[in-house]
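A.B. asks: only geometry, no sequence info:
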């Protein structure tokens with residue numbers, strides 16, 4: 001059984017299914033701190049010890065055992081599809097990554113040539129029509145997800161429900177799914193259900209937004225980027241995310257969920 005994107009504390013106190021662009025850097029650092037009493041010095045995605053990760057060969061055995069036998073509390077965190085896709089655009093498409101290069105090498109030049117996307121010049125700081133470029137990027141996203149052309153969908157814009165489902169399909173079960181938009185309440189609910197080596201005071205935990213500063217600032221309110229066609233594409237791509245995680249499709253300006261997540265429904269529909 002495979003559990004891609006799954007992290008677990010080395011003390012085996014808690015299991016977390018990572019969903020990109022959903023506070024994963026902050027959550028990873030909280031898990032790391034809860035075991036080690038300090039934060040990882042750098043991007044938590046680069047950590048190769050102090051935290052079990054499915055991508056590390058030595059971690060796969062412990063993660064498989066704990067998840068399969070439900071020996072630890074398991075959770076994940078989700079985000080409004082409208083704000084998540086905008087974040088992906090400004091970070092991964094318009095931004096320069098921490099290695100000083102464009103994300104995924106030739107992908108951005110291909111987007112500029114084939115889809116007419118602008119990204120704000122070589123460093124992402126020039127003025128450009130953010131709304132027009134984002135909508136063209138959204139066409140590209142739909143193409144990757146619907147037809148897997150001109151490339152396979154990327155983890156940063158493939159659906160949240162798709163990430164969440166692999167954990168369920170391979171035999172895992174979530175004890176909690178919470179929203180990025182109500183982060184402290186959701187994360188506190190996790191901490192209240194586990195025993196940690198080091199106490200975590202969420203009020204004093206910094207937010208580890210590793211993508212901040214990579215790209216240009218969003219110049220308009222969320223709803224300005226989504227006309228009727230863009231909303232149609234969003235429903236085509238992310239309808240399961242809107243439904244399962246109770247986000248408001250009809251109003252892009254409302255980032256907050258409209259109801260409680262039904263864990264039984266999530267497990268039934270994503271199994």
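C.D. replies: Thanks, I have the structure now. As the structure is a computational prediction, the values presented were derived from the model and not from experiment.

A.B. asks: phi, psi of residue 74?
C.D. replies: For residue 74, the backbone dihedrals are phi -120, psi 140 (criterion: degrees, to the nearest 10).

A.B. asks: I'd like the distance from residue 7 to residue 143, if you could.
C.D. replies: Separation of residue 7 from residue 143 (CB to CB, to the nearest Å): 31 Å. For every residue, glycine as well, the C-beta is placed using N, CA and C.

A.B. asks: try residue 137
C.D. replies: Going from residue 137 to residue 143 by CB to CB gives 11 Å.

A.B. asks: of these two, who's got more company?
C.D. replies: residue 137 (25 against 16; other CB atoms under 10 Å).

A.B. asks: Contact partners for residue 233?
C.D. replies: 138-139, 141-142 (CB atoms under 8 Å, 6 or more residues apart in numbering).

A.B. asks: What is the burial count for the nearest residue to residue 87 once chain neighbours are set aside?
C.D. replies: Computed as CB to CB, 6 or more residues apart in numbering, the closest residue to residue 87 that is not its neighbour in sequence is residue 21, at 5.2 Å. A count of nearby residues for residue 21, using other CB under 10 Å, gives 21.

A.B. asks: so residue 21 is in which element?
C.D. replies: Per DSSP states H and E: residue 21 is located in neither a helix nor a strand.

A.B. asks: and the gap between it and residue 173?
C.D. replies: Taken as CB to CB, the span from residue 21 to residue 173 is 24 Å.

A.B. asks: And for residue 128?
C.D. replies: Counting by CB to CB, the gap from residue 128 to residue 173 is 45 Å.

A.B. asks: So between those two, which is more surrounded?
C.D. replies: More crowded of residue 128 and residue 173, by other CB under 10 Å: residue 128, with 17 against 12.

A.B. asks: What segments of the protein are helices?
C.D. replies: Under the criterion DSSP state H, helices of the chain are mapped to 24-36, 57-68, 81-88, 107-115, 130-146, 160-169, 183-191, 228-244, 263-270.

A.B. asks: and for the third one, what are the contacting residues?
C.D. replies: This points to helix 81-88. Counting by CB under 8 Å, 6+ apart, 20-22, 134, 138, 141, 154, 156-157, 159-160, 211, 218, 222, 225-226, 234, 237-238, 241-242, 247, 252, 255 sit against helix 81-88.
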